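Visitor: Sequence plus the predicted model coming up.
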Protein chains: 2
Amino acid sequence: MGVNSNRVEDFSSHETALRITTEAAMPPMVIHSVCPPPQQTTLQKLKQRLGEIFFPDDPLHRFKNQTLCKKLLLGFQFLFPILQWGPQYSLRLFRSDIISGLTIASLAIPQGISYAKLANLPPIVGLYSSFVPPLIYSILGSSRHLAVGPVSIASLVMGSMLSEAVSPTENQILYLKLAFTATFFAGVFQASLGLLRLGFVIDFLSKATLVGFMAGAAIIVSLQQLKGLLGIVHFTSKMQFVPVMASVFNHRDEWSWQTIVIGFIFLAFLLTTRHISMKRPKLFWVSAAAPLTSVIVSTLLVFCLRSKLHGVPIIGHLPKGLNPPSANMLHFKGSYLAVAIKTGIVTGILSLTEGIAVGRTFAALKNYQVDGNKEMMAIGLMNMAGSCSSCYVTTGSFSRSAVNYNAGAQTAISNIVMASAVLVTLLFLMPLFYYTPNVILGAIIITAVIGLIDYQTAYQLWKVDKLDFLACLCSFFGVLFISVPLGLAIAVGVSVFKILLHVTRPNTVAMGNIPGTHVYQSLTRYREALRVPSFLILAVESPMYFANSTYLQERILRWVREEEDRIKSNNGSTLKCIILDMTAVTAIDTSGIELVCELRKMLEKRSLQLVLANPVGSVMEKLQKSEVLESFGLNGLYLTVGEAVADISSLWKSQP
Amino acid sequence: MGVNSNRVEDFSSHETALRITTEAAMPPMVIHSVCPPPQQTTLQKLKQRLGEIFFPDDPLHRFKNQTLCKKLLLGFQFLFPILQWGPQYSLRLFRSDIISGLTIASLAIPQGISYAKLANLPPIVGLYSSFVPPLIYSILGSSRHLAVGPVSIASLVMGSMLSEAVSPTENQILYLKLAFTATFFAGVFQASLGLLRLGFVIDFLSKATLVGFMAGAAIIVSLQQLKGLLGIVHFTSKMQFVPVMASVFNHRDEWSWQTIVIGFIFLAFLLTTRHISMKRPKLFWVSAAAPLTSVIVSTLLVFCLRSKLHGVPIIGHLPKGLNPPSANMLHFKGSYLAVAIKTGIVTGILSLTEGIAVGRTFAALKNYQVDGNKEMMAIGLMNMAGSCSSCYVTTGSFSRSAVNYNAGAQTAISNIVMASAVLVTLLFLMPLFYYTPNVILGAIIITAVIGLIDYQTAYQLWKVDKLDFLACLCSFFGVLFISVPLGLAIAVGVSVFKILLHVTRPNTVAMGNIPGTHVYQSLTRYREALRVPSFLILAVESPMYFANSTYLQERILRWVREEEDRIKSNNGSTLKCIILDMTAVTAIDTSGIELVCELRKMLEKRSLQLVLANPVGSVMEKLQKSEVLESFGLNGLYLTVGEAVADISSLWKSQP
């Protein structure tokens, strides 16, 4: 026992030789050797790694052990989720879907017109976009509650990015072409993210970032609506806070009291209904019906008083009929291509994020799974098809999906019902919108986006994680004062910086033994934990990478220095051994390996022994490959801190 | 015992209530509650965090508990390390320093002239740069073995970046001005990195990146020297592989056989001496003396045969005298300022990386510490002063420092000796270089940079860490085929991507009990580890961040699904509890907290219990602040996996 242990040092073998050691205060302890992970070739490892990166959810597991026929059926069901629930579809489900479909249609029609205006597009495009994409999604999409159509954020971003390049009023046709082209690229981008299984890209827009971004965007959008609400004619096309506010106050002579009165009355009405529905979720239909009611009432009002209210801007003539094809309007060359691609990517990412987050939320509530990568393909194909049928970027809308869910939607059929209602509107009801005042659209937009300002979550972020709150603030102010893409980029930068900071300056913790156990825990956290004389036990809480190897070396040497100072002032027993608990060192690279080597040498020069405890599989493998372990010798590697302490102490006793 | 435990649930208290549970196969076990870290205010935490970021080595620890007088003395010693060893300086040390100083001078003079040509600067600037900066460094620097002067990498990069903006032959004065300005900015950048204690920035140039970068740069530099070696007159000023090779072969008519013969003879001589010194480190002086010998011999040769060798280009007239002041040549406005700043930052970072790495290497050999941040200030001040006295970017050179160390240098006095030798050269010996052929400078440069191609380390990288090898390849090919700054940027990008990939796709490991212990280890690594019936024990090996929360949720649910499938096919006992070992979850953000919540809810719906084991301090704190722990209840949090298994099993027995 002790030195003459029979521990097998051939690390590649899976045999575990045991060694028993005794320590005065401790129960007898068995010393286990540390195993490397099972041997794999580089190719196997690469395959496994790529599998983890691109197929973490093992999407093909359903196909295992099935007959060819069943596999084909499953494959079709995988591509067209409608085949999964279609056969079981019943009249009872259809009744629920009809009710919810009509409810969201009543919301989708006024919102469609409003959001199209937000994107500086003709109002009719908003209705077109509420017709084709929902039909495609209901066949390809895997969420049963997503209500598809134009959404505020993507509309805002498209409007802001495109109008910086082309004026939507002076060069209407080119602007429309660019919008369809951007939609096409958004679709291509979304579908290829899904196809290449790169869905994790959208994870980099963390919730904290999105909270800040949405709040900033909501404020910008609301302020922009002051144009309609105050009746201002000359308004900036810029999206930043400063020029918008300047426009509002520099054109005070253009404020129209009639518009203001109508606008604020309906705004108050809409906000009240929203408030009621939020207080009592059962009354969701109150806020769901309010926009259409407002449109009808205000249109009637303007129609009846048209002789007196001629100062109030109205929508005017809208063409009747279905979506005209627009594939010929896609614009694949020339100087504006770059703008279209950029806009497509930014709106594509944002609409994906919203669509997938909403899909996941309601799937979790009803306990079914939404496959992120597949959803991306569905949304992408829907936008590609949309761009060829006069639609602009669409996705699952949070507000309408919530109404859909509350109204009892059971399947994607509710989207088809909604699309049919829009179809009827497009074919027959368009002239009715002639007298609808623009101001009402502004009020509808403000009511829709005001819910995006989620100050409670922001407060929660502040309370729990200051750096998340910083990312939130950055995207908020970035969007408000700089620009949408830059604000987002800054926020993503802050989030990535947070990860790098954690790696660059990891925590190191001095540990002590919890009496009566083999458990070692932080000395500062656990008052009952006791220092083990002659040992310094350090846990490193991060991978050992190039980015922190210098820091860790300095920090560990400082721990040693401080421990020696403490011992000197307390007249304790001399420090003889430093144990590094590697449990939380989840990865190591060549710089990290060099750090371990260097540290061992430096400590050896001071007659201190360095011992590693419990390296994880990948770290063990690399330590072995780099032949560092050999320099550590027999007593340099243990399975647990407890075994290291017990074995080394008994060694010291046997050879004082 | 069991449910009626007296475990205190007030997590903020430091009391540890104990609970004892028994399990058939296990010894009795005490259940400990999990403590949060000690309470701190936001300000205290911020202070501690900033301390860790900027002062990890606690630079002021020397000043603690000292008298004011002693503190002042220590302060001066801190600023001027020469005061530390100055008082003990002896004749014996001086003798060693004189020998090593003269040895590196014999190397520094030909290298100085050569490197200046590499940077497209007049040769004399290389000598100026070997005079002032070493003097300043010997007062401010903390390394005793660093030999300061121009280095190949920084010269190459400066030459390549500046000559893209200004032609060094057509616009010589402007080019010189830009070089000094870039040097000034390099110094400012270096000094401010040190002053702001941002030294960790250079850690992001990992060793893997540098190996690839240096090899690529060495090849480019060597190929560029073909201009001199072949005697080509019309040569590209570009630095990429393709145009350089095109220049070599498109101007075959300009090849001069006289130059080629002289060049390759001396190149062979220099490479042979290099080889001898590498084989026998004691013969370091062979390669150290070779460059000066070559210069002398070749100069004599050309001088004697000057009537026959008139086709061989020579250095020509060099001005006698000390460094002229150049502060008036700094160029702080105009269109070239951006180029100068960019060049300054890139050369500044590269020369810092080399200087500090070299300083640390020799400090580790002689067991003293080099303070990275202080070294940065020393190097930065030296370059700022250099830029005002006709010097370009300088730092500690690897090759000359190695010679310095081998020649027995003891202190920075060797730098002063070297500077004095350069001074004598500048004042009296300049005319002797008139007939020195340019071709010899090319041979000296090739010999110096060929050692930068470190294929052994590259092979080691491939063997140990494939992603490190990829970073190495990226910087190698980036530098060779694209450009120096872009190649470096790509390599840093790959390194950062590696960190992000590790966080985005972390390892999850299923664990089992090692019989007879409370240790739980990976089932795939430890054959003897046994699954615990009804439990699934998972270790998550990474922080839980926004970037991986979706992945982790999918992956954990897949583990559960696979475990249930396994149980079904084996007719095992039903899965009832999932234990997440959080030891390696070293940080959590709001998305991670949401993941934990969501996971608990989803598993609850399937009647599975989720239990957390051993969260680290910061994770515990955030879980508590976000009030997630309350939903976990009494049996949701344990100190170790062993305690969780024991306690929950005994609970199940008491209430079946």
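Guide: Looks like it arrived, so ask away. Numbers count the residues shown, from 1 in each chain, chains lettered A, B, ... in the order given.

Visitor: What are the structural domain limits within chain A?
Guide: A:90-498, A:506-654 (the TED database).

Visitor: just how off-centre is the longest one within its chain?
Guide: For domain A:90-498, the distance from its own C-alpha centre to the chain's C-alpha centre is 19 Å (Cα atoms, centre = their mean, to the nearest Å).

Visitor: For B:K282, find the nearest of the domains of chain A.
Guide: domain A:506-654 (23.0 Å; Cβ to Cβ). C-beta coordinates here come from the backbone N, C-alpha and C atoms, glycine included.

Visitor: pLDDT averaged over that closest one - what is it?
Guide: In this model, domain A:506-654 has an average pLDDT of 89.

Visitor: Let me have the domains of chain A in JSON lines, adding mean neighbour count and distance to chain B as columns.
Guide: Compiled in JSON lines, these are given as follows (neighbours: other Cβ atoms under 10 Å in any protein chain shown; distance: least, Cβ to the nearest Cβ, whole Å):
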{"stretch": "domain A:90-498", "mean neighbour count": "21", "distance to chain B": "3"}
{"stretch": "domain A:506-654", "mean neighbour count": "20", "distance to chain B": "3"}
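
Visitor: Can you list the low-confidence ranges for the stretch 251-400 of chain A?
Guide: For the stretch 251-400 of chain A, no stretch is flagged by pLDDT under 70.

Visitor: Helices along that one, start to end?
Guide: A:257-279, A:284-304, A:337-365, A:372-387, A:398-406 (DSSP state H, counting those that start in this stretch).

Visitor: Which neighbouring elements make contact with the fourth one?
Guide: Right, the one you point to is helix A:372-387. Applying 3 or more Cβ pairs under 8 Å, 6 or more residues apart in numbering or on different chains; DSSP states H and E, one finds that helix A:372-387 makes contact with helix A:132-140, helix A:172-195, helix A:337-365.

Visitor: Switch these over to JSON lines; also include distance to B:A448.
Guide: Output for the helices and strands packed on helix A:372-387, formatted as JSON lines (distance: least, Cβ to Cβ, whole Å):
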{"stretch": "helix A:132-140", "distance to B:A448": "63"}
{"stretch": "helix A:172-195", "distance to B:A448": "48"}
{"stretch": "helix A:337-365", "distance to B:A448": "45"}
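
Visitor: thinking again about what came up before, adding distance to A:S569 as columns, could you present the helices of the stretch 251-400 of chain A in CSV?
Guide: Below are these laid out as CSV (distance: least, Cβ to Cβ, whole Å):
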stretch, distance to A:S569
helix A:257-279, 62
helix A:284-304, 69
helix A:337-365, 56
helix A:372-387, 57
helix A:398-406, 61
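
Visitor: So for A:K207, which of the ones you listed sits nearest?
Guide: Across those, closest to A:K207 is helix A:337-365 (Cβ to Cβ), at 8.5 Å.

Visitor: by how many degrees do the closest one and helix A:398-406 diverge?
Guide: Relative orientation of helix A:337-365 with respect to helix A:398-406: 30 degrees, computed using axes from the mean of the first three to the mean of the last three Cα atoms, to 10 degrees.

Visitor: In contact with A:Y128: list those residues for me.
Guide: A:323, A:389-391, A:426 (Cβ atoms under 8 Å, 6 or more residues apart in numbering or on different chains).

Visitor: quick check, nearest of those to B:T524?
Guide: Looking across those and measuring by Cβ to Cβ, the closest to B:T524 is A:C391, at 50.1 Å.

Visitor: Which stretch among the domains of chain A approaches B:A217 most closely?
Guide: Comparing those by Cβ to Cβ, domain A:506-654 comes nearest, at 19.2 Å.

Visitor: residue boundaries of the strands in the stretch 351-500 of chain A?
Guide: A:395-396 (DSSP state E, counting those that start in this stretch).

Visitor: Same question for the stretch 101-250 of chain A.
Guide: A:148-149.

Visitor: quick one: the nearest residue to A:D454 once chain neighbours are set aside and B:T590, what's the gap?
Guide: Closest residue in space to A:D454, ignoring its immediate chain neighbours: A:V211 at 5.4 Å, by Cβ to Cβ, 6 or more residues apart in numbering or on different chains. Distance of A:V211 to B:T590, computed by Cβ to Cβ, to the nearest Å: 9 Å.

Visitor: Give me the common contacts of those two.
Guide: Common contacts of A:V211 and B:T590 (Cβ under 8 Å, 6+ apart): A:L461.

Visitor: how many other residues sit next to the residue lying closest to A:G75 once chain neighbours are set aside?
Guide: Here the nearest residue to A:G75 in space, its sequence neighbours aside, is A:F63; by Cβ to Cβ, 6+ apart that works out to 7.6 Å. A:F63 is flanked by 13 other residues according to other Cβ atoms under 10 Å in any protein chain shown.

Visitor: swap in the one 5 residues further on?
Guide: Other residues lying near A:L68 total 7 when counted by other Cβ under 10 Å.

Visitor: what sits against it?
Guide: Contacts of A:L68 by Cβ under 8 Å, 6+ apart: none found.

Visitor: where's A:V30, which helix or strand?
Guide: If you go by DSSP states H and E, A:V30 is part of strand A:26-31.

Visitor: what angle separates the helix or strand just after that strand from helix A:372-387?
Guide: The first helix or strand that comes after strand A:26-31 along the chain, using DSSP H and E, is helix A:42-54. Inter-element angle recorded for helix A:42-54 and helix A:372-387: 60 degrees (by the same axes, to 10 degrees).

Visitor: For the helix or strand following helix A:42-54, list every residue counted as buried.
Guide: The C-terminal neighbour of helix A:42-54 among helices and strands, as given by DSSP H and E, is helix A:68-79. Using 16 or more other Cβ atoms under 10 Å in any protein chain shown as the test for burial, helix A:68-79 gives A:74, A:78.

Visitor: and helix A:68-79, what's its mean pLDDT?
Guide: 86.

Visitor: can you pull the contacts of the residue nearest to A:G75?
Guide: Contacts of A:F63 (Cβ under 8 Å, 6+ apart): A:71, A:74-75.

Visitor: again, but for A:F303
Guide: A:Y435.

Visitor: where's it relative to A:I296, distance?
Guide: Counting by Cβ to Cβ, the gap from A:F303 to A:I296 is 10 Å.

Visitor: re earlier: residue contacts, the residue nearest to A:D454?
Guide: Contacts of A:V211 by Cβ under 8 Å, 6+ apart are A:454, A:457-458, A:461, A:472.

Visitor: Among those, which ones are in helices?
Guide: Among the contacts of A:V211, DSSP state H puts A:457-458, A:461, A:472 in helices.

Visitor: Which one of the residues you listed is nearest to B:A407?
Guide: Comparing these against B:A407 with Cβ to Cβ picks out A:C472 as the nearest, at 58.6 Å.

Visitor: So for the contacts of A:V211, which is the shakiest by pLDDT?
Guide: Across the contacts of A:V211, the smallest pLDDT goes to A:D454, namely 86.
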